[in-house]
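In: Build me a structure from this.
(one chain, ligands or ions: 1)
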Amino acid sequence: MRVVLLGPPGAGKGTQAKSLEKNLGVPHVSSGDLLRAAVEKSTELGLAAKCYMDAGELVPDALVLDMIDARISQPDCDDGFLLDGFPRTEQQASRLTEMLVSQGGPLEHVVSLTVGRSEVVERLAGRRSCPDCGRLYHLKFEPPRVQGLCDTCGKDLVVRGDDRDDTARQRVEVYERQTAPLIEFYRQQALLREVDGTGRPAEVTGRILTVVGATQ
Ligand code: AMP
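Out: Numbering: from 1, shown residues only. Presented below is the predicted three-dimensional model:
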């Protein structure tokens, strides 16, 4: 199953992708995670991408396209994938369609998670993540068992650099300007499945599984 998760930063794409990965049995491919790993390792891509990410801007299409092409060409993506954070521009969306033609399988669903602007801003402000395993928490909606510590590995939780106030607001604006037009792009191709992204994460997962025709 080839699925794209679309939605503003803070809509819950990462959280949903993690539970969908188990339910659908296809790998979660997050462009943000791949870029953060490249920054961490100071690869050529990471060095080029860092300043855009720190400013809450999009990394140039050419860099992201090569990275995604390489990732979805790996054998674990042969039977499908769950794309999170990609595509984010019309050029990326068109190139993805071309890549999939050469890989022999088109997209089946583009799930658009809808969450209002004020809720997105509140979610981003309370978001914490584990620097070690990447697990996501929220101070109000999904707190860790022990305050400030990761349930899985016990590390101190951190605020991701680009979740800080100004950058977070910038990312929401960039989404509205550059990525939201993809909703129409995919609606015209009859691939769009709009899903209410509010409520408990498990409820949202249930709604997504229903629209993609899978069961829990
Ligand atoms: P995310 O974790 O998906 O919110 O991505 C974090 C940051 O990585 C974004 O704010 C962008 O700077 C960059 N990024 C992630 N995915 C893309 C993409 N598809 N195109 C351009 N930049 C991206």
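In: contact partners of whichever strand or helix holds residue 128?
Out: Applying DSSP states H and E as the criterion places residue 128 in strand 127-129. Taking contacts as C-beta atoms under 8 Å, 6 or more residues apart in numbering, the residues outside strand 127-129 that touch it are 10, 135-139, 144, 157-160, 163. C-beta here means a position set from N, CA and C on the backbone, and glycine is covered the same way.
In: helix or strand right after it?
Out: Next helix or strand after strand 127-129 toward the C-terminus (DSSP H and E): strand 136-138.
In: In the protein, which residue sits closest to the ligand?
Out: Nearest residue of the chain to the ligand: residue 32, at 2.1 Å (C-beta to the nearest ligand atom).
In: And the lengthiest helix in the chain, what's buried?
Out: Using DSSP state H to define each element, the chain has its longest helix at helix 90-103. By 16 or more other C-beta atoms under 10 Å, the buried positions in helix 90-103 come out as 92-93, 95-96.
In: Tell me the one of those residues nearest residue 38?
Out: residue 92 (17.0 Å; C-beta to C-beta).
In: circling back to that earlier point, which secondary structure elements does the longest helix of the chain sit against?
Out: Contacts defined by 3 or more C-beta pairs under 8 Å, 6 or more residues apart in numbering; DSSP states H and E place helix 90-103 against helix 61-72, helix 181-188.
In: Report all helices and strands that the shortest one contacts.
Out: Just to be clear, that refers to helix 181-188. In this structure, helix 181-188 packs against strand 2-6, helix 90-103, strand 109-114, with contacts taken as 3+ C-beta pairs under 8 Å, 6+ apart.
In: looking at those, which is closest to residue 27?
Out: Checking the helices and strands packed on helix 181-188 against residue 27 by C-beta to C-beta gives strand 2-6 as the closest, at 11.1 Å.
In: Say whether the ligand is contacted by the closest one.
Out: No - no part of strand 2-6 sits near the ligand under the criterion C-beta under 6 Å from any ligand atom; the closest distance found is 9.9 Å.
In: Please list all residues in contact with residue 174.
Out: Residues near residue 174 by C-beta under 8 Å, 6+ apart: 56-58.
In: So which bits of this protein are right by the ligand?
Out: Those residues of the chain that sit near the ligand, judged by C-beta under 6 Å from any ligand atom, are 9, 31-32, 35, 52-53, 56-59, 64, 85-86, 88, 92, 162, 171.
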